[in-house]
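Undergrad: Sequence first, predicted coordinates after that:
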Amino acid sequence: MLTELCLFLKNWFEIDKCYGDFKIVDGFITYADGTELPLQDGQHFRIIDSVFNDGVYKFSPHTPESTSSGELKDEEFNGSVWTMAVPKEVIALAAEIDDWNKLYAGADSAAMSPYNSESFGGYSYSKSGGGSGAGGSGTGAGGWQSVFASQLQRYRKV
């Protein structure tokens with residue numbers, strides 16, 4: 001969720017950008033020559049231009065880097081790794097959005113319905129909220145972006 005959140009915010013909270021050849025072996029990332037990246041335990045980083053691993057991860061020198069989508073897959077690539085300083089509030093917000101998505105963002109969820117109202121056979125239903133509906137993408141009324149808009153606004157870059 002942190003990758004998707006940073007993409008939406010257009011804010012990667014980057015400190016530095018490391019360019020070059022990288023290798024990932026058994027879930028650990030280094031420069032291709034084996035030199036360690038300038039990361040601290042618990043620090044987030046973004047991988048760009050990888051075939052299998054683009055996204056945001058949390059560094060640990062003791063356990064393989066991972067996200068909710070799994071561990072890093074072994075590969076060598078030429079690209080970049082951005083060191084990040086993600087505020088604690090944004091990390092907590094990402095967890096809160098992830099929890100909200102588990103409850104409300106399913107395809108069969110009323111919050112994701114593309115309809116604001118419907119009626120048939122004497123039955124009538126109106127969905128509250130503005131906008132033209134979510135259309136299943138999560139970006140319209142009822143999507144996490146609008147539900148958490150006030151909390152996201154301060155971190156969003158134009």
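TA: Good, I have the coordinates.
Undergrad: Okay, strands next: where are they in this protein?
TA: Assigned strands in the chain, in chain order: 14-25, 28-31, 44-48, 55-58, 66-67, 70-71, 75-84, 117-120, 123-126 (criterion: DSSP state E).
Undergrad: any idea of the mean pLDDT for the last one?
TA: Strand 123-126 shows a mean pLDDT of 67 in the predicted model.
Undergrad: since we're on the nearest residue to D26 once chain neighbours are set aside, how many residues are nearby?
TA: The shortest distance from D26 to any residue other than its chain neighbours is 6.4 Å, reached at P64 (CB to CB, 6 or more residues apart in numbering). From N, CA and C alone the C-beta is placed, and that goes for glycine too. Neighbour count for P64, taken as other CB atoms under 10 Å: 15.
Undergrad: ok, now E75?
TA: Using other CB under 10 Å: E75 sits among 14 other residues.
Undergrad: wait, it sits on D49?
TA: No: counting by CB atoms under 8 Å, D49 is not a contact partner of E75; they are 11.1 Å apart.
Undergrad: where's W100 relative to V86, distance?
TA: Note on W100: its distance to V86, by CB to CB, to the nearest Å, is 19 Å.
Undergrad: Now stretch 82-99 - C-alpha only, CSV.
TA: C-alpha atoms of stretch 82-99 as CSV (Å, rounded to 0.1, in the frame of the first residue of the first chain):
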residue,chain,number,x,y,z
TRP,A,82,15.9,6.0,-3.7
THR,A,83,16.5,6.2,0.0
MET,A,84,13.4,7.6,1.8
ALA,A,85,12.4,9.3,5.0
VAL,A,86,8.7,8.5,5.2
PRO,A,87,7.0,10.2,8.1
LYS,A,88,5.5,7.9,10.8
GLU,A,89,2.1,9.5,10.2
VAL,A,90,2.2,8.5,6.5
ILE,A,91,3.2,4.9,7.4
ALA,A,92,0.3,4.7,9.9
LEU,A,93,-2.0,6.2,7.3
ALA,A,94,-1.0,3.6,4.8
ALA,A,95,-1.8,0.9,7.3
GLU,A,96,-5.2,2.5,8.0
ILE,A,97,-6.0,2.7,4.3
ASP,A,98,-5.0,-0.9,3.9
ASP,A,99,-7.4,-1.9,6.7
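Undergrad: okay, now the domains of this structure?
TA: The chain breaks down by automatic domain parsing into domains covering 2-84, 88-155.
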